[in-house]
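Student: test case, fold it:
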Amino acid sequence: MTAEEKEEKYQELSNKGVLEEIEKLFMAKEIKVIGKKSGKKDDKKQIISHDVMHNFQISMAKFSAFTVEEVVQMIIQCDSKILDDLVVMEFLQRNDFCDIPDNTAKLMAPYSKDWTGPNASESKREQDPNELTREDQIYLYTAYELHSYWKSRMRALALTRTYEAEYDEISAKLLEVSRVSESLRDSSSLISVLGLILDIGNFMNDANKQASGFKLSTLGRLGMLKDDKNESTFADIVERIVRNQYSGWEGFTEEISGVVTAQKINVELLQQDAKKYIDNIKNIQMSLDAGNLSDPSKFHPEDKVSIVVQRCMKEARRKAEQLQVYLEDMQKSYDDIMAFYGEDPSDDSARRDFFAKLANFVQEWKKSREKNTALEEQHRRNEISMRRKASQQNLNPLSPSGLSDSDAPKSPASTGAMDDLLQKLRAAKPEARDQRDRRRRARLKDRHQVRVASGQKIPELGINVDNDATSDGHGGSAGSGAAGGKGIASAASGSAEAETSVQGGGSGGAAAAAAGGMMTGGTGSASETDIADRAAAMLEGLQSGSGTTLNKDGSLSVRRRRESADTERQRRRNRRQGVGSGAKDDGAAGPTPILEEGDGALVEVVDGEDGARAPAKADTPVTIVHPPSPEHTARELPTPPPDEE
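Tutor: Residues are numbered from 1 along each chain as shown. Below you'll find the predicted structure:
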């Protein structure tokens, strides 16, 4: 395709609008580098230092949307937006604006205009200020071109916005110091309390160490002196004495309560601020009268500083005069009160800490009062509780709570009675058992003292025989001996009676005497047995908790007697069966059966040599003697020693 053909083709596409649409859709855009300063901005010239420019950008950030001409116009015409912004006003009063460095002034001179010369509005600048940066242009139009009165101008404008607030703050502090000083002088209660502290201190000191006064710093050491119990301090004691004995002095803390807030006031710094305020108003007034602000012809044509400042100066002068009066009054009262309490007014440290010492004393006094009040309230509650317990004791003296400490019965656990009782029971139980064993062995020994035939078992003797039982057997002496015995018949008496029956009637008197002696001994053994049984029953009752009771005559309960009787009967039956079986095996005649107690039958007793049998009552213990068995000759019982008469 030739060039003409291409041209015709493009012309045809252009006529149809295709090329125009393509250009619109796919148009190439300019690439912008982010973060890179434009070449035009880099061309601007910077004169002021980087620090000033940086602070300029921060302080004037609120006005960054305004142009340079608008910002300069608001500053020169004293716009309220500028005057009411404390950050901007403080920035414009910095030394960087008030005192221009020589190098900066030399570089800005070609761009500036002298507004103090004749025809200043018609004069032209040597170089175009647009070559400078935004911050340099604002600096040029304000601080540099108005340098002749810039410092006085900004000071006067700042006064119009701060003189009322500063006056209120400084005057309030001056009046507070004066009021507190007067309250310290007029508080007679405080003087009385301090005098009481002095008197008590002299009482505690030796006679040769009596003081006529003390420094206020001593008040801070009252809390360091403790009593013997390390519970209360000297300050606590003084507070309690004043509250209980001198209640009229207690209100001094309210009278001088202002020292708590006044201690935060630095009197020396307050005096400097008051003087600075007064001097500032005087200097501005002098500038308006015969200073830099006195000739409006040297101002910028659009500057309204004179009008704005003159509007507020009358009220500012009045406040300065009033503040001067307050300052003089405060200084006089403060110096006098320091001298009144023995402090040196010329000592800077004493002037700075005077109110702090008294404020610390008041605060410690309040803490002591709270501490003492809490202790007294606790004591009062304890006394009420004790009185209530005493009243309950009077109403119900038998109740445990109504008994006093001396009259109240002590619990067994506290006195150790339970431990003692358990120890006695443990110690008594083996002894009672041993005594029972010894008595049982003695009874068996007494039973075995009677001669029995070899190979025969000892038949059971009657026990628990009533006292009124009598014997109807042969031999009057034996019967009377048995009847004269009291209590239970012993085994020896039964054996003696059996021997009398076997040997004949010739020896009846001796046997009766022996039987009577044995029965007497048996009575003592029976009473011993009753005492032992009763002790055993009481011990078992304490252990089991059943509480075995005794009858009036000292015998055991019916249940115990019945159990003992049943046991004895069973043992006798077993012995009879054994004796009967042994006799049948030996070919001998069986013994006469022995009836149980209470059967009422008669038994036969061998009497004399002829073998006659005499009837006897079942209540009388009877011993049956059998001839020896030839098969059991080897078994012989030991012969007991004869009884001593």
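
Student: what is the burial count for the nearest residue to Phe234 once chain neighbours are set aside?
Tutor: Once flanking residues are discounted, Phe234 sits nearest to Leu225: 4.0 Å by CB to CB, 6 or more residues apart in numbering. Just so you know, the C-beta spots here come from the backbone N, C-alpha and C atoms, and that holds for glycine as well. Leu225 has 14 neighbours, counted by other CB atoms under 10 Å.

Student: same check, this time on Ser64
Tutor: 9.

Student: which residues touch it?
Tutor: Going by CB atoms under 8 Å, 6 or more residues apart in numbering, Ser64 touches Gln57.

Student: for Gln324, same thing?
Tutor: Going by CB under 8 Å, 6+ apart, Gln324 touches Ala274, Ile278.

Student: assign a three-state SS to it, would you?
Tutor: Here Gln324 takes the helix state, with states given by DSSP: H, G, I helix; E, B strand; the rest coil.

Student: just the pLDDT at it, thanks.
Tutor: Note for Gln324: predicted pLDDT of 95.

Student: any idea how far it is from Gln331?
Tutor: 11 Å (CB to CB, to the nearest Å).

Student: same check on Phe355?
Tutor: To Gln331, Phe355 is 15 Å away according to CB to CB.

Student: neighbour count winner among the two?
Tutor: Using other CB under 10 Å, the more surrounded residue of Phe355 and Gln331 is Phe355, with 25 against 17.

Student: so the more buried one touches Asn266, yeah?
Tutor: No: using CB atoms under 8 Å, Phe355 is not in contact with Asn266, being 10.1 Å away.

Student: which phi and psi does the residue nearest to Phe234 have?
Tutor: The phi/psi pair for Leu225 (degrees, to the nearest 10) reads phi -90, psi 120.

Student: listing request: residues of this structure with sub-threshold pLDDT.
Tutor: Applying pLDDT under 70 to the chain picks out residues 28-42, 120, 396-416, 428-433, 446-532, 536-537, 539-559, 579-645.

Student: can you map out the strands along it?
Tutor: Along the chain, counting by DSSP state E, strands occupy 602-607, 612-617.

Student: check contacts around Arg311.
Tutor: Thr160.

Student: kindly report the domain assignment for this structure.
Tutor: Taking automatic domain parsing as the reference, the chain has its domains at 43-147, 188-255+343-386, 429-582+600-629.

Student: what separation do you get for Arg562 and Arg575?
Tutor: Taking CB to CB as the measure, Arg562 falls 21 Å from Arg575.

Student: one more: Asp136?
Tutor: Taking CB to CB as the measure, Asp136 falls 146 Å from Arg575.

Student: which one of these two has more residues nearby?
Tutor: Asp136 (25 against 15).

Student: excluding chain neighbours, give the residue nearest to the more buried one in space.
Tutor: Per CB to CB, 6+ apart, closest to Asp136 is Ile47, 5.0 Å.

Student: what's the burial count for the one you found?
Tutor: 21.

Student: give the contact list for it.
Tutor: Thr104, Leu107, Met108, Leu132, Asp136, Tyr139.
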